[in-house]
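Peer 1: 3D model of this:
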Amino acid sequence: MDTKELLKRLISYPTVSSESNLELIAYVRDLLKNHGIDSQLVFNASETKAALFASVGPASRPGILLSGHTDVVPVKGQTWDSDPFMAIEQDQRIYGRGSCDMKGFIACAIHVLLEYAAQPLKRPVHLALSYDEELGCLGVKDLLMQLQQLQCEPYLCIVGEPTSMDIATGHKGKTSYRAHCHGDAAHSSLAPLHTNAVYLACDMIAKLRALQNHLMEKGARDPNYDVPFSTVHVGTIDGGSALNIVPQDCQFEFEIRHLPGDDIQGYLQSWFEQARALIAAARKAHPDTAASVSFECLTDYPGLDTPADHRSVQQLASLSSSSKRLVKVAFGSEGGLFAEYLSAPVVVCGPGSIAQAHQPNEFVALDQLEQCGALLNQLVRSSCL
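Peer 2: Here you go, the predicted structure:
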């Protein structure tokens, strides 16, 4: 089975993050087994999802680790020209949910493992497939704990997010929260006598905007990013029930995408203290109020900052006939977690454009698949044979 047909098969499994990925994992496990490759599965607590780890070659030497997430984002509410879970090959592209994000890379990685399964390798080639990446890199951590048991740290780890085959040595980390503000309901004619939960939320958001200004003016800088500083963003706000009722509840969600040089936890703790000070002021102004705020962490993963002059990175960049760009990308990935858990050089590099990810009529170009397959083959030949 060539890479194209393998990708079409992977797309046929509707591994939306809210659903199980076990059928896809079972298919990959059986495919590898048919070529003499054993797999290790790591299940979630409810055993409705699993990560997969497999290797070819000697375990006693540093090798190449190829990593991808099996989950995809939903298609609900999007207008597709075809069934998103039935791959369509047209105009030198393969269309389907997950084609570029990131089953295209997974297909290339599996194909490489199958191709070299019976060859005498001097270094191993590892395959790691995770779940729940789209929910905030949640499903990879148990897998990474298992990978810490490897006899040797990887020589190089490639996380195959779509980068148009550029080699990304860095991305920002991300921390996101939901804040729930509670005031007290009352008739709007008595509004000044009560605590308005929407006002509380807005005052807290104002503090987040002040933090953004501080980071923009005095925070860490990295000119290799399109936005060269850490960013603060409020994405949703929901509060109140009717215009003539003082809002009792309001919640909002915000994220911070941060550079390695910023003490984001310190900034967050300072903001939490400011938020609680607003609650204390509301209680003082209205002693009978039930004003409060609670915080729920939604995602928290580190950034990636691999030195561009690392020997493994330079080797990868030199393998293509056309020089590969070394870049830093705006989106997050599991790469920072791999670097944190394994202390290995990590890059993000895969077929397809991030501009196509999460979009209706998502696609990966066939020439991108070919470039990816060729690069992985050259890497294995130069490092593992």
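
Peer 1: any idea how far residue 294 is from residue 201?
Peer 2: Per CB to CB, to the nearest Å, residue 201 is found 12 Å from residue 294. In this view, the C-beta of every residue, glycine as well, is placed from N, C-alpha and C.

Peer 1: do residue 153 as well
Peer 2: Distance from residue 153 to residue 294, by CB to CB: 40 Å.

Peer 1: what does residue 339 give?
Peer 2: For residue 339, the distance to residue 294 - CB to CB - is 32 Å.

Peer 1: ok, these two, which is more surrounded?
Peer 2: residue 339 (20 against 10; other CB atoms under 10 Å).

Peer 1: residues contacting that one?
Peer 2: By CB atoms under 8 Å, 6 or more residues apart in numbering, residue 339 lies in contact with 157, 302, 304, 306, 345-346.

Peer 1: residue 365: neighbour count?
Peer 2: 20.

Peer 1: thought it was touching residue 92?
Peer 2: Yes - in this structure, residue 365 is within contact of residue 92 by CB atoms under 8 Å, at 6.2 Å.

Peer 1: list residues touching both of these two?
Peer 2: By CB under 8 Å, 6+ apart, no residue touches both residue 365 and residue 92.

Peer 1: thinking again about what came up before, the contacts of residue 339 in helices, which ones?
Peer 2: Residues of the contacts of residue 339 located in helices (DSSP state H): none.

Peer 1: pick out the most distant pair among those residues.
Peer 2: For the contacts of residue 339, the maximum inter-member distance is 15.1 Å, found between 302 and 345 (CB to CB).

Peer 1: which helix or strand contains the closest residue to residue 332 other than its chain neighbours?
Peer 2: Once flanking residues are discounted, residue 332 sits nearest to residue 174: 4.8 Å by CB to CB, 6 or more residues apart in numbering. Assigned by DSSP states H and E, residue 174 belongs to strand 173-182.

Peer 1: helix or strand next in line after that strand, which one?
Peer 2: helix 197-218.

Peer 1: thought the residue nearest to residue 332 was touching residue 297?
Peer 2: No - with contact defined as CB under 8 Å, residue 174 does not count as touching residue 297 (11.3 Å).

Peer 1: give me the more crowded residue out of the two.
Peer 2: The neighbour count for residue 174 versus residue 297, taken as other CB under 10 Å, is higher for residue 174 (23 against 11).

Peer 1: in contact with that one, which residues?
Peer 2: 136, 255-258, 299-301, 332.

Peer 1: got a list of contacts for whichever strand or helix holds residue 367?
Peer 2: In the assignment (DSSP H and E), residue 367 maps to helix 366-384. Helix 366-384 is contacted by residues 3-4, 7, 57, 63-64, 66, 89, 92-94, 100, 104-105, 107-109, 111-112, 115-116, 121-125, 155-156, 158, 160, 164-165, 315-316, 319-320, 349-352 when judged by CB under 8 Å, 6+ apart.

Peer 1: which ones among the residues you listed lie within helices?
Peer 2: Per DSSP H, these map to helices at 3-4, 7, 104-105, 107-109, 111-112, 115-116, 315-316.

Peer 1: what's the neighbour count on the closest residue to residue 236 other than its chain neighbours?
Peer 2: Nearest residue to residue 236 in three dimensions, chain neighbours excluded: residue 253, at 4.7 Å (CB to CB, 6+ apart). By other CB under 10 Å, the residues close to residue 253 number 16.

Peer 1: who's residue 253 bridged to?
Peer 2: residue 178, residue 236 (DSSP bridges).

Peer 1: and for residue 328?
Peer 2: residue 170.

Peer 1: measure it to residue 203 for me?
Peer 2: 35 Å.

Peer 1: pull out the buried residues from the helix or strand of the chain with the lowest mean pLDDT.
Peer 2: The helix or strand of the chain with the poorest confidence is helix 140-147; it has a mean of 87 (mean pLDDT, DSSP states H and E). Buried residues in helix 140-147, counted by 16 or more other CB atoms under 10 Å: 140-144, 147.

Peer 1: great, nothing more from me.
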